[in-house]
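In: here is a sequence together with a model predicted from it:
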Amino acid sequence: MAAIRSLSHLLRQGLHLNAATLIPKTAPICQTRCMAQKGMTKPHPTLDLDALETTVTDMQSGKYKRKTVRYAESDQSTVLTHDQIVRKFIVLIMKGGNKDTARRIMDKTMEEIKRRQVREFHRATESQKLQIITDPRKIFNQAVNNLKPVLLVTSVKRGGIAYQVPVPCPEKRQLFEAMKIIKAALAEKTNSRIPFHEKLATIIMDAAEFKGKAMDRKIEILKNCERNRAYAHFK
Amino acid sequence: MAASMLKNMIVGQNNIFRVIGYSFPHKKVCLNHYRCCTSIVHGNDNVRTEQDVKPRRPRVCRTTVSSPAHQTKDQIGQFYTVPEPIAKKVFTRGWLNPKLLQLFDTFNETSIMVRKPALEIIDLMKSANYKDPVIKYVIYGPQGTGKSTTLAHVAHYALEEDFMIIHVPWPKHIYQFPATYQESTYKEDRHDTLVESLKWMNSFRKLNQHHLEKLKTTKKCVWTKKDSSLEGTPITDLIEMGLDREKHIPDIVGMIIREVKKQAADLGLKVLVVVDGVNSLFQETTVKVAPGEFRPSSQIGLVQHFMKLLQNDWAGGAVLLTVDRNASKDDKRESDLPKYLLGKEGFAVLDPFIPFQTELYSEEEFHSCIEYFKERRWLQGEKGQTQRGIQQIRFLSGRNPYFVERACSAW
């Protein structure tokens, strides 16, 4: 009642109504946003099978603690082939919410990489065999690490003109940028009709060896940064 | 209660195929199903038997006995390497699943597992009397358990024993959506598919070059008014004539089969007839006679000739057949048993025959297969080779040979 009385009092006085005056300082500015943040503080559910198989007696012994956790993601699983970085890439190449298709393509890609490497392995001499990596997940990780850019350009407006300003790429964003480079390399058109997973496999395997289309793209980004180095002080 | 219901849903064999996502395309797959339930299954002690948890002694997954004639029960579950000249003839496209051939290519060797049905058939073939009417061996079993692989294994034995092999890869390819077809020049009420016949003729000639030189015709045949071949012309000449004039090929195939049936016992020629998916010999085709009216497969030239090989009226050979769910029509794929798939008509033609069932891997065979994949680097990575990783493969594949390979491909 007090609030309403004060409101009508203000109106009667003929003052300009400002939202900030109505809200007490102690209240949160946006309540829904705060709720989301509260939920995000919970830890992710574990994918460790040893921990999942614990019984009640283990809980009592103090080896594991009971905690409230977030809901599991729809594509998280306890299968040992599950890989977090590959999972992120699947989400990136997905189109129109068809995660099933994206996952199948990625499975095929991994198989293709492995097939090529194993094929090479069995045809190589003993000394060459030591150098061949046949684990596709290792190759994928290596490719992504090689493609992580150190610099990026962002557009900054000064005096009505947009400048391309080189800035250091934050470490959190590097993984995403590397994956985006692979995706952009995929979109390039070729004359011959190659299946998607084979194309992806060649790009990843080339990137692991510092060559190929994706690597060219990364070098192009760095060159663009160097071209615009005169504007570096804008930010 | 809910957990036990879920468990039942997963552990049923068909559901496992669906869970992996490699099921047949017309059935929609719920991939998330497995993900929701894995933790429940692993957390529940009732699901795992004692056998899975017990550490296993290391097995020998290979044998050096590379000729099927000398393989015994001791070699069951072990892999043997097929010599290259035979692998080029028999372990090729048309005989085996392309996925398996791809695997041979990546491993740089052709090796398959010695399994029970193949050994049983070879044993029977060894002891059979080739002056008596032919014995028919029919292989049946669920998808991916090695029906075609068993055929190739027995064919390896047959090649070593100098058999003549008449191989019909997949009868459906002869009459379903043929490139061209025309009415037969030899008889009414019959259609011939020419491109498919030519293809079959070429592969047949390649496989049995030296056997065909022995055969000669016992009957005069008239091709056209001016053109005819006399009695006693060699079969090889006939084949060469057929390659020049394509429209006669189905008739020439009929000639060859008639001569083989007549002379096999007299010449001491041993013949192995191999048909993969016989149940498709007794179906309706896509060859159109009138609007809405299609020829039954028994009125297609080449199919009719092959049907004659399945009869009991000749000696000097063995007939090796598979009955396949995928070879029959869409509405007739509910069971894998021969009587269901062949139908009344087909069963009457084949009867009597000896049935052999191909089965899922036994525990020992499964672990031998895993050992082999480890050695060939198909199963790799630190996690994949642990006890738990192997346990997951076993769970995902349901010990079905094809799905074991598919489940290992992800690692």
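Out: Cool, got the structure. Residues are numbered from 1 along each chain as shown, chains lettered A, B, ... in the order given.
In: any stretches of the chain with poor pLDDT?
Out: You didn't say which chain, so I picked chain A. Applying pLDDT under 70 to chain A picks out residues A:1-40, A:55-59, A:63-67.
In: my bad, the chain I had in mind was chain B
Out: Counting by pLDDT under 70, chain B has low-confidence residues at B:1-59.
In: tell me which residue is most central in it.
Out: Nearest to the geometric centre of chain B sits B:Ser148, at 2.7 Å (CA atoms, centre = their mean).
In: element containing that residue, please.
Out: Per DSSP states H and E, B:Ser148 falls inside helix B:147-160.
In: can you name the next helix or strand after that helix?
Out: Helix B:147-160 is succeeded, C-terminally, by strand B:164-168 (DSSP H and E).
In: now the angle between helix B:147-160 and that following strand, please.
Out: Put simply, strand B:164-168 runs at 160 degrees to helix B:147-160, going by axes from the mean of the first three to the mean of the last three CA atoms, to 10 degrees.
In: which residues does whichever helix or strand comes after strand B:164-168 contact?
Out: Where DSSP H and E defines the elements, the next helix or strand beyond strand B:164-168 is helix B:172-175. The contact list for helix B:172-175, computed with CB atoms under 8 Å, 6 or more residues apart in numbering or on different chains, reads B:193, B:196-197, B:200, B:277, B:280, B:285-287, B:295, B:297, B:300, B:302-303, B:327. Where C-beta positions appear, they are placed from N, C-alpha and C, glycine not excepted.
In: B:Arg394 - how many residues pack around it?
Out: Other residues within reach of B:Arg394, judged by other CB atoms under 10 Å in any protein chain shown, total 18.
In: tell me who's in contact with residue 219.
Out: Just going to use chain A. Applying CB under 8 Å, 6+ apart, no residues qualify as near A:Ile219.
In: please go with chain B instead
Out: By CB under 8 Å, 6+ apart, the contact set of B:Lys219 is B:231, B:258.
In: about what we covered before: correct me, but the residue nearest to the centre of chain B touches B:Val275?
Out: No - using CB atoms under 8 Å, B:Ser148 is not in contact with B:Val275; the gap is 11.3 Å.
In: mind listing what's buried in the longest helix anywhere in chain B?
Out: Counting by DSSP state H, the longest helix found in chain B is helix B:249-267. Across helix B:249-267, burial judged by 16 or more other CB atoms under 10 Å in any protein chain shown covers B:249-265.
In: got the residues of chain A near chain B?
Out: Within reach of chain B by CB under 8 Å from any CB of the partner chain, chain A has these residues: A:49, A:52-53, A:74-81, A:100, A:103-104, A:107, A:110-111, A:114-115, A:118-119, A:121-123, A:134-135, A:137.
In: weed out the non-buried ones from these.
Out: Neighbour counting over the residues of chain A next to chain B (16+ other CB under 10 Å) leaves A:49, A:75, A:77-81, A:100, A:103-104, A:107, A:110-111, A:114-115, A:118-119, A:121-122, A:134-135, A:137 as the buried ones.
In: strands paired with the helix or strand following the longest helix of chain B, and their directions?
Out: Using DSSP H and E, the helix or strand that directly follows helix B:249-267 along the chain is strand B:271-275. Strand B:271-275 has the following strand partners under DSSP bridges: strand B:164-168 (parallel), strand B:317-322 (parallel).
In: out of those, nearest to A:Val153?
Out: Across the strands paired with strand B:271-275, A:Val153 has its closest neighbour in strand B:317-322 (63.4 Å, CB to CB).
In: name the residues of that closest one that come out as buried.
Out: By 16+ other CB under 10 Å, the buried positions in strand B:317-322 come out as B:317-322.
In: and of these, the nearest to chain A?
Out: B:Thr322 (27.7 Å; CB to the nearest CB).
In: for that closest one, what are its contacts?
Out: By CB under 8 Å, 6+ apart, B:Thr322 lies in contact with B:138-140, B:147-148, B:150-151, B:275-278.
In: could you pick out the longest helix of chain A?
Out: Ordering each helix of chain A by length in residues (DSSP H) puts helix A:99-123 first.
In: same for it, what does it pack against?
Out: helix A:84-93, helix A:136-147, helix A:196-208, helix B:98-107, helix B:401-409 (3 or more CB pairs under 8 Å, 6 or more residues apart in numbering or on different chains; DSSP states H and E).
In: dump the ones you listed to TSV, plus distance to B:Leu207.
Out: Output for the helices and strands packed on helix A:99-123, formatted as TSV (distance: least, CB to CB, whole Å):
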stretch	distance to B:Leu207
helix A:84-93	45
helix A:136-147	38
helix A:196-208	33
helix B:98-107	17
helix B:401-409	26
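In: quick one, phi psi at the most centrally placed residue in chain A?
Out: By CA atoms, centre = their mean, chain A has its centre lying nearest to A:Phe176, at 4.4 Å. Main-chain dihedrals, A:Phe176, degrees, to the nearest 10: phi -60, psi -40.
In: distance of it relative to A:Lys183?
Out: 10 Å (CB to CB, to the nearest Å).
In: same check, this time on B:Asp336
Out: With the distance defined as CB to CB, B:Asp336 ends up 44 Å from A:Lys183.
In: and the residue nearest to B:Leu341 when sequence neighbours are not counted, how many neighbours?
Out: Residue nearest to B:Leu341 in three dimensions, not counting chain neighbours: B:Asn279, with 4.4 Å by CB to CB, 6 or more residues apart in numbering or on different chains. A count of neighbours around B:Asn279, defined by other CB under 10 Å, yields 28.
In: ok, which stretches of chain A are strands?
Out: Counting by DSSP state E, chain A has strands at residues A:151-158, A:161-168.
In: cool, chain B as well?
Out: Ranges of strands within chain B are B:79-81, B:111-113, B:135-140, B:164-168, B:181-183, B:191-193, B:221-222, B:228-229, B:271-275, B:284-290, B:293-296, B:317-322, B:354-357, based on DSSP E.
In: can you lay out the ones you listed as a markdown table showing distance to B:Glu364?
Out: Putting the strands of chain B into a markdown table (distance: least, CB to CB, whole Å) gives the following:
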| stretch | distance to B:Glu364 |
| --- | --- |
| strand B:79-81 | 13 |
| strand B:111-113 | 11 |
| strand B:135-140 | 22 |
| strand B:164-168 | 32 |
| strand B:181-183 | 50 |
| strand B:191-193 | 46 |
| strand B:221-222 | 56 |
| strand B:228-229 | 57 |
| strand B:271-275 | 29 |
| strand B:284-290 | 44 |
| strand B:293-296 | 46 |
| strand B:317-322 | 25 |
| strand B:354-357 | 18 |
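In: figure out which of these is closest to A:Ala230.
Out: Across the strands of chain B, A:Ala230 has its closest neighbour in strand B:111-113 (64.8 Å, CB to CB).
In: how far does the longest helix of chain B sit from the chain's center?
Out: 24 Å (CA atoms, centre = their mean, to the nearest Å).
In: ditto for stretch A:98-106
Out: For stretch A:98-106, the distance to the chain centre is 17 Å (CA atoms, centre = their mean).
In: and stretch B:105-121, by the same measure?
Out: Here stretch B:105-121 is found 13 Å from its chain centre; the criterion is CA atoms, centre = their mean.
In: start to end distance for it?
Out: End-to-end distance for stretch B:105-121, by CA to CA, to the nearest Å: 28 Å.
In: does chain A have contacts with it?
Out: Yes - under the criterion of CB under 8 Å from any CB, chain A is reached by stretch B:105-121 at B:105-109.
In: narrow the residues you listed to those that are buried.
Out: Using 16+ other CB under 10 Å as the burial test, those include B:106-107 as buried.
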